[in-house]
Every structure is written in structure tokens, then in C-alpha cells.
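> based on what follows, work out the 3D shape:
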Amino acid sequence: MNIKFNKNEDYNKLKWAEVRQKLEKIALGGGKKRIEKEHAKGKMTARERIAYLLDDDKEQIEIGAFAGYEMYDDHGGCPAGGVIVKIGYINGRQVIVVANDATVKAGAWFPITGKKNLRAQEIAIENNLPIIYLVDSAGIYLPLQDQIFADKEHFGRVFRNNAVMSSKGIIQIAAIMGSCVAGGAYLPIMSDESLIVDKTGSIFLAGSYLVKAAIGEDIDNESLGGATTQTAISGVVDHKAKNDKDALDKIKNIFNKIGNFDKAGFNRTEPKKPAKNPEEIFGILPASRQEPYDMYEIIDRLIDAGSFDEYKADYGKTIITGYARIDGWAVGIVANQRKIVKNARGEMQFGGVIYSDSADKAARFVMNCNQKKIPLVFLQDVTGFMVGSRSEHGGIIKDGAKMVSAVSTSVVPKFTVVIGNSYGAGNYAMNGRAYDPRLMLAWPTSEIAVMSGAAASKVLLQIEEAKLKKQGETITPKKEKALLNKIQNDYKRQISPYYAAARLWTDAIINPLETRKWISMGIEMANHKPITERYNVGAIQT
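All right, here's what the predicted structure looks like:
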């Protein structure tokens, strides 16, 4: 391998090591002392509960591990958004599990907690995926109640989704393994089946202190809404469990008897390993986001050996389209080519830029995959659409709109992997978060923003300087440099993969070597929901 490859490899492996270190810290939740307190109560932590519940001989993926990252430092932090979400298997059946982390502010709901819970429910609804709630929460985090309580996508939406899933026949099981108070009490009871752990689980609309204040009644929490009360007297909860493990065992037994599900019928054959070593991705991907590279080399290390059938190889070369397999699943690949290419007229085209011919090709390919019922995988490293008089006169807006329309109205499941740049309208056309990817994944090298840091910094500097001049200030070279440094640092923070993952713009920052696993489990997940909508090609201008 050459020196450049080795430098890239060192850089990208360090980037992933940084992600891994942060994930290890996040996994501690509220810290070791809080974990010890949960154990002293006879309780398992949220992560321990999920680990015990899911099959340990099958793969698992975690959604939103970076949710809330560096967002609530003035409130003591909110690791993983105070709730753990994993997709795995129970007795071989794929499920999604949502577990409140009581080590983080007693499992209270921050604004990002609500957003993450809604994301988990969205995944369940989109894929007809059974969902399990492991409830252990003090309810809404009152200091931020105005950001979590009353709006459309706030706390109340969770219960609306409970009802919607029930109407669709999506399995919901809830275990009350700690506090479950106020409005939060509706979540487990609106599920299909509920359990409660004796002595540590409790569920009521108002706790004993509030009951005393409201109506003057003296009663303790256990008598008010403990396991015996809610199973034997009120009949609110279906099963009483002796302890955490007993509750989790009961959930396993429920899933051991559930019938099979209707499938979408996506094509799968015997999986094959990639033709080229995936480890080499670290050396191929440049350390600089501006440096070109050949996306075919990345694709060769993600797909099953010998499975790539390219579509329109000689046309619209800044986007690569083709049929392939990932872990045996048939997929349609839409990927930004990052190296400079030459079109049929001999003109040079910039890598990572979407030209009219590329947009036209991609739109047609998306239509084809919909007609053939083939899931789509978008590999993003895009700087945006081509600008300038030639592109405008050539109808770049029309061709871009055609691509966006094709992606927007697609009925097959779509998965997006942000490898590098994800800028401007390129993010949209390449199936960004707004276009409902079943999973939106980011490599540690990803950047999501309106434009690159270099370009944005110049624009923001001009705006700031104009404002200061209007106020009568003189802009010295020293002041301009200090101003530029501040702007660049702020923007750099905003385009980092951590910033995006903290706000759930992406579902996870993943090791590039695990991309195949995420896509494979994602398609298996999507296969739970048959496609009933027709894809109307006539709705897209051609």
C-alpha cells in the first residue's frame, strides 16, 4: 500500500476510535454510582435488561446512541437521550426495544427523549415491527416541560402512536419495571399486553404526595399503584412479575407463541462476502472532505462479490446506479461518484456534484427499483447540484425536481449512508432524513450542512462584517481573523457527525465495516410490511 493509503487509514481508524470511546462513556448512562443505586434496589439497568431480553447469539443494532450528546450540559447531560433503543431478536423474531434509563434523571423525559421515543415508534409503524417498552421513568423533566409537553411531536404523540399501532395490528408489549406516572401511565396500558414488577414497579396518574395535596388522602405508593394493586384489584396490568428477570422471561414466553407475519417478499439469496477486503475502506476514504476518490472502490467492499449490475454506466457519471446484493438481499445502489469524470462530450465533471444527466439517470433508476420491488441504498458524498448559466439553461432545476420527486414518492424501503459530504439540496435528492429513509446512517467522516464549512464561513463572515460596519466599527485584519476563526469553529461543530446524531438527524454513527449488517437488518425489518401502494411513474415528469 502507498503512503497516501496508510495516512488515510490511520486518520479514519482514529476517527472511529474516537466514536467508540464516546459510545463507551455514553453506555454508562448517569454514571457508575447511579448504576450501583439501581442494583441496590434489586433492579437491572436499561442496558442490562435489553441484553437479557434479546437473543445473545444474533446481531443487534442501537438507534440514537448519540441522542442528546452535548445538548443539555447545563442540566447535567442526558446520555443517549435517557432512553435506550435497540433492534434485535427474541426467540429468533426481530423486534425493537425501548427502555427508559433510570440512571439518567430517574428516566425523566427531556425533549430529545420524546423525539427518540417517537423515532422508535416510527420505525415500528413503517415496518410493522413488534415493539417492547421497558418502562422506568419519572415522567416529563419539568425544567424543560415547555419543550416536551404540548406540541404535535411532543409527549402526547407517543400515546397517539400507541393507538395507531394497535389499529394496524403491530404488537406492543410493555413491562413496568420502575416508576410510571401521570400521562406516562397510558403508554403501557395502551399496549397489547402489560407486566409489572412486584415492589419496584408502580403505575398511577398521581403519586401519594400529589394525592395528599389534591384530595387529602393518606396512602403510600405501593398501595396506590403497586403490582398487587394494579393486577389483583384494578386489573389495569395483565401480569405480575417477581423481579426484572422474571418480567423479561415472561416477555420471551409471549414472543415464543406469536404467529408468523406477512412479508413484503424482498429477494434474498445465499449471502456472499465482498470481492475486496472491507478493511481497505479506511485507506481508500480520504482524510480531506475535498479530496476525490473512486466510489466504485467503496461499493466493491460493501456488496456481495460479483453481484453488481450497473445501470446506464456511460451516462450521468457523477452518480453511480446499479443492482447489487448486500448480505444476500437484492438492492438498488444510488451513489455519488467522488472522482472527476468525463462525459460523452468529453467535458470534465466535478465529483460529488449532481448534474442534469446524473439526476435524470438516478430518477429513472429509482423508478425501476420501485417497479421491481427492490429496496434502495443511497451512498451519500454530495456537495450539491451543479450551478451556473450552462446548468440553468440545461434545465438543472427540472431534472433535480424529477429526482427529488422519484425519491419522495418511492414506496420501496430506502436506506441512506452518509459517507462524506451531505450538503444542500444534494442531501434531499440523495434521500436525506426528510425523505423517510428506514435507517439514516453516518460514517465518522460524514458532514451534514447547507454548504461546506469553507464556503459557509466566507458568507457568514461577509454578513458579520457588514453588520459591524453598519454599527460604525472598523474591521482590522486581526479582528477579521478572530471573527473568521470563531465562525469556522462554530460551523465546524455544527457539521460534525456528533451534532447530527445528537439531534437524531441520523440514527447512528457506525463503523464503516458494519454497514452491511445495518443494511441487512434494516431490509429484514422492512420485510415485515408488505407493499400495498402502487408506484405511479406517471406522476414524475420525464
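> what's the least confident helix or strand in the chain by mean pLDDT packed up against?
Sorting the helices and strands of the chain by mean pLDDT, DSSP states H and E puts helix 453-470 at the bottom, at a mean of 74. Here helix 453-470 touches helix 477-494, going by 3 or more Cβ pairs under 8 Å, 6 or more residues apart in numbering; DSSP states H and E. For the C-beta atoms, the positions are set from N, CA and C on the backbone; glycine is no exception.
> pLDDT on the helix or strand following the helix it packs on, on average?
Next along the chain after helix 477-494, taking DSSP states H and E as the criterion, comes helix 497-502. In this model, helix 497-502 carries a mean pLDDT of 98.
> mind listing what's buried along helix 497-502?
Using 16 or more other Cβ atoms under 10 Å as the test for burial, helix 497-502 gives P497, Y498, Y499, A500, A501, A502.
> ditto for stretch 402-411
Buried positions in stretch 402-411, judged by neighbour count with 16+ other Cβ under 10 Å: K402, M403, V404, S405, A406, V407, S408, T409, S410.
> you'd agree the second one is in a helix?
Yes. With DSSP: H, G, I helix; E, B strand; the rest coil as the criterion, M403 is part of a helix.
> any chance of JSON lines for the buried residues of stretch 402-411, columns distance to D74 and pLDDT?
Formatted as JSON lines, the buried residues of stretch 402-411 follow (distance: Cβ to Cβ, whole Å; pLDDT from 0 to 100):
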{"residue": "K402", "distance to D74": "46", "pLDDT": "95"}
{"residue": "M403", "distance to D74": "42", "pLDDT": "96"}
{"residue": "V404", "distance to D74": "39", "pLDDT": "96"}
{"residue": "S405", "distance to D74": "43", "pLDDT": "95"}
{"residue": "A406", "distance to D74": "44", "pLDDT": "96"}
{"residue": "V407", "distance to D74": "39", "pLDDT": "97"}
{"residue": "S408", "distance to D74": "38", "pLDDT": "96"}
{"residue": "T409", "distance to D74": "43", "pLDDT": "95"}
{"residue": "S410", "distance to D74": "41", "pLDDT": "96"}
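> can you map out the helices along the stretch 151-300 of the chain?
Per DSSP state H, counting those that start in this stretch, the stretch 151-300 of the chain carries helices over the ranges 156-168, 186-189, 208-215, 221-225, 227-228, 244-255, 281-284, 295-299.
> now those in a markdown table, with distance to P143 and mean neighbour count?
Compiled in a markdown table, those are given as follows (distance: least, Cβ to Cβ, whole Å; neighbours: other Cβ atoms under 10 Å):
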| stretch | distance to P143 | mean neighbour count |
| --- | --- | --- |
| helix 156-168 | 19 | 16 |
| helix 186-189 | 22 | 21 |
| helix 208-215 | 18 | 12 |
| helix 221-225 | 23 | 17 |
| helix 227-228 | 31 | 18 |
| helix 244-255 | 29 | 19 |
| helix 281-284 | 43 | 22 |
| helix 295-299 | 45 | 20 |
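> could you list the low-pLDDT ranges of this structure?
For the chain, applying pLDDT under 70 flags the ranges 1, 393, 453, 456-457, 537-542.
> for the closest residue to N427 other than its chain neighbours, list each beta-bridge partner.
Residue nearest to N427 in three dimensions, not counting chain neighbours: I448, with 6.5 Å by Cβ to Cβ, 6 or more residues apart in numbering. Beta-bridge partners for I448, by DSSP bridges, are S422.
> count of neighbours near I448?
Look at I448: counted by other Cβ atoms under 10 Å, it has 24 neighbours.
> rewinding a little: could you single out the nearest of the buried residues of helix 497-502 to N370?
Of all the buried residues of helix 497-502, N370 sits closest to A500, with 27.7 Å by Cβ to Cβ.
> just to revisit the earlier point, could I get the helices of the stretch 151-300 of the chain as JSON lines with distance to Q371?
Converted to JSON lines, the helices of the stretch 151-300 of the chain look like this (distance: least, Cβ to Cβ, whole Å):
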{"stretch": "helix 156-168", "distance to Q371": "26"}
{"stretch": "helix 186-189", "distance to Q371": "40"}
{"stretch": "helix 208-215", "distance to Q371": "58"}
{"stretch": "helix 221-225", "distance to Q371": "54"}
{"stretch": "helix 227-228", "distance to Q371": "54"}
{"stretch": "helix 244-255", "distance to Q371": "36"}
{"stretch": "helix 281-284", "distance to Q371": "32"}
{"stretch": "helix 295-299", "distance to Q371": "23"}
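> which of the ones you listed sits closest to N6?
Closest of those to N6 is helix 281-284, at 6.8 Å (criterion: Cβ to Cβ).
> quick check: which helices or strands does that closest one pack against?
helix 3-26, helix 295-299.
> dump those helices to JSON lines, plus distance to L134.
JSON lines is the format used below for the helices and strands packed on helix 281-284 (distance: least, Cβ to Cβ, whole Å):
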{"stretch": "helix 3-26", "distance to L134": "18"}
{"stretch": "helix 295-299", "distance to L134": "38"}
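> of these, which stretch is the most buried?
Of all the helices and strands packed on helix 281-284, helix 295-299 has the most neighbours on average by mean count of other Cβ atoms under 10 Å, namely a mean of 20.
> tell me which of the buried residues of stretch 402-411 is nearest to G424?
In terms of Cβ to Cβ, no member of the buried residues of stretch 402-411 lies closer to G424 than V404, at 12.2 Å.
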